[in-house]
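> Here is a sequence with its predicted model. Questions after.
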Amino acid sequence: MKYAVNSIKILMVGALVLLTGCATVISGRFEDVHVTTYCANQRVEASCHLSNENGEWNILTPGVAKVQKGFGDLVLFCRSNYFEPHMMRVSSSVTASNFGNLLVGAGAAALVDVNDGAGFEYPKDVDFVVKSCKTARNYD
């Protein structure tokens, strides 16, 4: 009976590890971040430079950047004919699969996900809002 209980525990832990997986395998190291720039309440075009500890990307907004995930903030620096250059930071959060690694105790998998950034994610949609605008025309 004692061996049966131990076997069941081992099978349950093994199943949890398999179900949890690691973020690197499940969601990858890169993600799409949709950026839209606004002057007050009007959507406008802008040229934006995005960066984190893993790289740098340039996009025209509204647009999508495929960024490498990271622990640190995603820094956005945008320029437009409608506003003076502005910067904002977007924080990352822990992914569900990396959180699962920590709960199950799969330390090696969690370390891999933290090291390559896959254990974190940025918001999928980023609204870059500038309140002081030059004469902004509606982009819609």
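Sure, I can see it. Residues are numbered from 1 along each chain as shown.

> buried residues in the longest strand along the chain?
Longest strand in the chain by number of residues (criterion: DSSP state E): strand 30-39. Under the neighbour-count criterion of 16 or more other Cβ atoms under 10 Å, strand 30-39 has 31, 33, 35-39 buried. For the C-beta atoms, the positions are set from N, CA and C on the backbone; glycine is no exception.

> partners of it, with directions?
Here strand 30-39 is paired, per DSSP bridges, with strand 42-44 (antiparallel), strand 63-68 (antiparallel), strand 125-130 (parallel).

> looking at those strands, which is buried most?
Counting by mean count of other Cβ atoms under 10 Å, strand 42-44 has the highest mean neighbour count of the strands paired with strand 30-39, with a mean of 18.

> C-terminal to that one, what's the next element?
Once strand 42-44 ends, the next helix or strand along the chain (criterion: DSSP states H and E) is strand 46-52.

> Can you tell me the strand partners of that next one and which way each runs?
Partners of strand 46-52 in its sheet, by DSSP bridges: strand 55-61 (antiparallel), strand 74-80 (antiparallel).

> would you turn these into JSON lines with mean neighbour count, mean pLDDT and distance to residue 121?
Converted to JSON lines, the strands paired with strand 46-52 look like this (neighbours: other Cβ atoms under 10 Å; pLDDT from 0 to 100; distance: least, Cβ to Cβ, whole Å):
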{"stretch": "strand 55-61", "mean neighbour count": "15", "mean pLDDT": "98", "distance to residue 121": "15"}
{"stretch": "strand 74-80", "mean neighbour count": "19", "mean pLDDT": "98", "distance to residue 121": "10"}
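
> In a markdown table, list these along with distance to residue 119.
Shown next, in a markdown table, are those (distance: least, Cβ to Cβ, whole Å):
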| stretch | distance to residue 119 |
| --- | --- |
| strand 55-61 | 17 |
| strand 74-80 | 15 |
